[in-house]
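1. Predicted model and sequence follow; I will ask about them next.
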Amino acid sequence: MEQRRSEPVNWTWITGAWRVFTGSIITWIMMQLLVLVFVVFTISPIVFLLGGIGILLSREEWPGLAGLSVLALFSVPALLILLLVGGAFLTAGLYKAAIKRARGEEIVVTDLFSAGDSFLGVLGFFLLLMVVLGAIGSILGGIGDEGSTIGGLASLLQSIVNMVLFGVTIFALPSIVDRRAGVIEAIRESIGLTWPHWPIYALLIFVTQILSGLGVILCLVGILITAHFQWTIPAVAYCEVFGLTRGWLDDRFPTPPPPPDFRSPVVPPNPGELSPTELSSESPTLPLACPHCGASLNRISQYCSQCGTRLGADPA
């Protein structure tokens, strides 16, 4: 695996992500609508079943409760697995579309379903992330009582640790989707790039979550406008750090032209025309010839070593 140097956060990734979205705004909205429809139709049966169980339990309607519980026992795990697998597949498609657009390529709605060659890696990353987050929650969630000061500090620490974890692995999913890197390889490379600057990467994840969550204020319409930051910011950062950005995004940092060269070409002087002063300050090509006796001179001097004639002066 190619070793890369660590990269600091470039806050222009956020404006670049916005340009990735606005450059194909209709396509992005259509893709995110499809994702939203999938999530709603997968979660709704789970909510209905669990809600029904709660209602029947409160009414003590045991026969109906038993039947609904059996139905939930088989259907809820299947729906959760479908949500996880389908979510990984659609997330891979969103990352692939974001990376394509960051490179200056056009995207279409069907790009959402074009990451079948990498979604298993995304699914593996999700599963590993769930295990790690669960372990962190188990360790920090057991500190202090709920509602206590210590418990509140433990919850805050858990949120910070999660932000750091998401920050140092920001390049993992783009690497898995774009280069089909292995899960462990992608995580290791991402941590190597980000770890020296992990507080700023954690802050970038915090800002990303704030920006993507702003759409909740405007309900459905707002989500479709801001949710893309979860994929476009990591995609733009990945393309820039890995040297893949080209096309219209490169206009943010145009390469300045080289300064004009007003110097005239230097023409070396004829050694025979040099004065003694010039001989002492210049470095003509050796050997030189004495203009009086014709002796060959192998070092720069004001007098000929054979006849003693002053070089550069008229012979006596």
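-> Great, that's in hand.
2. From residue 121, how far off is residue 101?
-> Per CB to CB, to the nearest Å, residue 101 is found 21 Å from residue 121. (Each C-beta comes from the backbone N, C-alpha and C, glycine too.)
3. is it true that residue 7 touches residue 193?
-> Yes - between residue 7 and residue 193 there is a contact under CB atoms under 8 Å: 5.3 Å.
4. okay, those two: which has more neighbours?
-> residue 193 (23 against 17; other CB atoms under 10 Å).
5. residues contacting the more buried one?
-> Residue 193 makes contacts with 4-7, 171, 241, as judged by CB atoms under 8 Å, 6 or more residues apart in numbering.
6. helix or strand for residue 44, which one?
-> helix 25-59 (DSSP states H and E).
7. Centre of the chain to that helix, how far?
-> Helix 25-59 sits 31 Å away from the centroid of its parent chain (CA atoms, centre = their mean, to the nearest Å).
8. what angle separates the next helix or strand after that helix from helix 25-59?
-> As assigned by DSSP H and E, the chain's next helix or strand after helix 25-59 is helix 62-102. Put simply, helix 62-102 runs at 160 degrees to helix 25-59, going by axes from the mean of the first three to the mean of the last three CA atoms, to 10 degrees.
9. Would you mind giving the domain segments of the protein?
-> With domains defined by automatic domain parsing, the chain comprises 12-251, 272-316.
10. Could I get the average pLDDT for the shortest one?
-> This means domain 272-316. Average pLDDT, domain 272-316: 61.
11. So for residue 101 and residue 121, which sits in the more crowded spot?
-> residue 101 (27 against 24).
12. So what's the residue count around the closest residue to that one other than its chain neighbours?
-> In space, and not counting its chain neighbours, residue 101 is closest to residue 20: 4.6 Å by CB to CB, 6 or more residues apart in numbering. Counted with other CB under 10 Å, residues neighbouring residue 20 total 29.
13. What separation is there between residue 20 and residue 170?
-> Relative to residue 170, and taking CB to CB, residue 20 is found at 16 Å.
14. Please identify every residue contacting each of residue 7 and residue 193.
-> Common neighbours of residue 7 and residue 193 (CB under 8 Å, 6+ apart) are residue 241.
15. sorry, back to before: most tightly surrounded among the domains of the chain?
-> domain 12-251 (a mean of 17; mean count of other CB atoms under 10 Å).
16. least reliable of the domains of the chain going by mean pLDDT?
-> Mean pLDDT is lowest for domain 272-316 out of these, coming in at a mean of 61.
17. Quickly note the distance from residue 62 to residue 22.
-> For residue 62, the distance to residue 22 - CB to CB - is 56 Å.
18. ugh, wrong one, residue 140
-> Going from residue 140 to residue 22 by CB to CB gives 39 Å.
19. Same check on residue 150?
-> Per CB to CB, residue 150 is found 46 Å from residue 22.
20. same question, residue 77
-> Relative to residue 22, residue 77 is positioned 40 Å away (CB to CB).
21. Quick one: residues contacting residue 129.
-> Applying CB under 8 Å, 6+ apart, the residues near residue 129 are 165, 169.
22. rerun that using 7 Å as the cut-off
-> Residues counted as contacts of residue 129 (CB atoms under 7 Å, 6 or more residues apart in numbering): none.
23. would it count as being in a helix?
-> Yes - using DSSP: H, G, I helix; E, B strand; the rest coil, the secondary structure at residue 129 is a helix.
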